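Chemist: Predicted model follows, preceded by the sequence.
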Amino acid sequence: MNDDDSLYSDRDEEFEPGGQPLPDVFHSFYEERPFRCCTSCGEALSDLEETYQITKTYHGSEVILEYAMCFPCQQNMLKELSRESVEKLTSFQLERSLEPDNDVSLDLYQCEFCLRSRTEAIENQQHFSMAALCFGLQMVERPLFVCEECMLEINEKMSEQTRRRWRDFVDTHFPGVPADALPDPTTIPVL
Ligand SMILES: [Zn+2]
Ligand SMILES: [Zn+2]
């Protein structure tokens, strides 16, 4: 793990396995700085010995849901969803991922499953989700972007029960997110 951010800035090269600095797009919009704590349990992210995930859902350029979640909380959340839904989600990700070469330095993101661009989603005022797997202030894997159409396609595969439990989870941990901010109140960011 290299924590000298300056090593990677202004360098046009492939993703380094050691990670790359977290781009601003994954900072907390509400706090106007990088996330400091797990949104769910409050644990300081800098103290974690495991990775954590940042997920943000947008409507055009507006952030409507954002959270940082430590690994144990993420596992707990998955337990709240039905096993069948989690399996469907996992197999969709495995079968349909096109592994786009998202470039943080150029702010270029393409949908994981159809390659639509984030720029297009913003121009068309669509919903989309983004996620980054992090350790400290570094991203340890390429960032993910999922467009509205693919997000809704995956959501259709989720059981009603899973979507309700997800919504309960959002209401419990992120009470500021209005139900009508999402295409459907129970929309899961699917990342
Ligand atoms: Zn947590
Ligand atoms: Zn897509």
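Modeler: Perfect, thanks for sending it. Ligands and ions are numbered 1, 2, ... in the order given.
Chemist: can I assume residue 179 is in contact with residue 166?
Modeler: No - with contacts counted by CB atoms under 8 Å, residue 179 stays clear of residue 166, the gap being 11.8 Å. (Glycine included, C-beta is placed from N, CA and C.)
Chemist: Which one of those two is surrounded by more residues?
Modeler: Using other CB atoms under 10 Å, the more surrounded residue of residue 179 and residue 166 is residue 166, with 21 against 12.
Chemist: Tell me the residues on this protein that lie near ligand 1, please.
Modeler: Applying CB under 5 Å from the ion, one finds that the chain approaches ligand 1 through 38, 40, 41, 43, 70, 73.
Chemist: Now, of those residues, which are buried?
Modeler: 38, 40, 43, 70, 73 (16 or more other CB atoms under 10 Å).
Chemist: Cross the residues you listed against helices and list the overlap.
Modeler: residue 73 (DSSP state H).
Chemist: List the ones among the buried ones among the residues of the chain next to ligand 1 that fall in strands.
Modeler: The strands, defined by DSSP state E, take in residue 70 from those.
Chemist: close enough to count as contact, residue 110 and residue 117?
Modeler: Yes - using CB under 8 Å, residue 110 is in contact with residue 117, at 5.5 Å.
Chemist: Please identify which of the two sits among more neighbours.
Modeler: residue 110 (20 against 16).
Chemist: can you tell me the helix or strand for the nearest residue to the more buried one once chain neighbours are set aside?
Modeler: Leaving aside its sequence neighbours, residue 110 sits nearest to residue 100 (CB to CB, 6 or more residues apart in numbering; 3.8 Å). Using DSSP states H and E, residue 100 sits in no helix or strand.
Chemist: list the contacts for residue 100?
Modeler: Residues in contact with residue 100 (CB atoms under 8 Å, 6 or more residues apart in numbering) are 109, 110, 111, 112, 115, 145.
Chemist: Residue 163 too?
Modeler: Each residue near residue 163 by CB under 8 Å, 6+ apart is listed here: 155, 184, 186, 187, 188.
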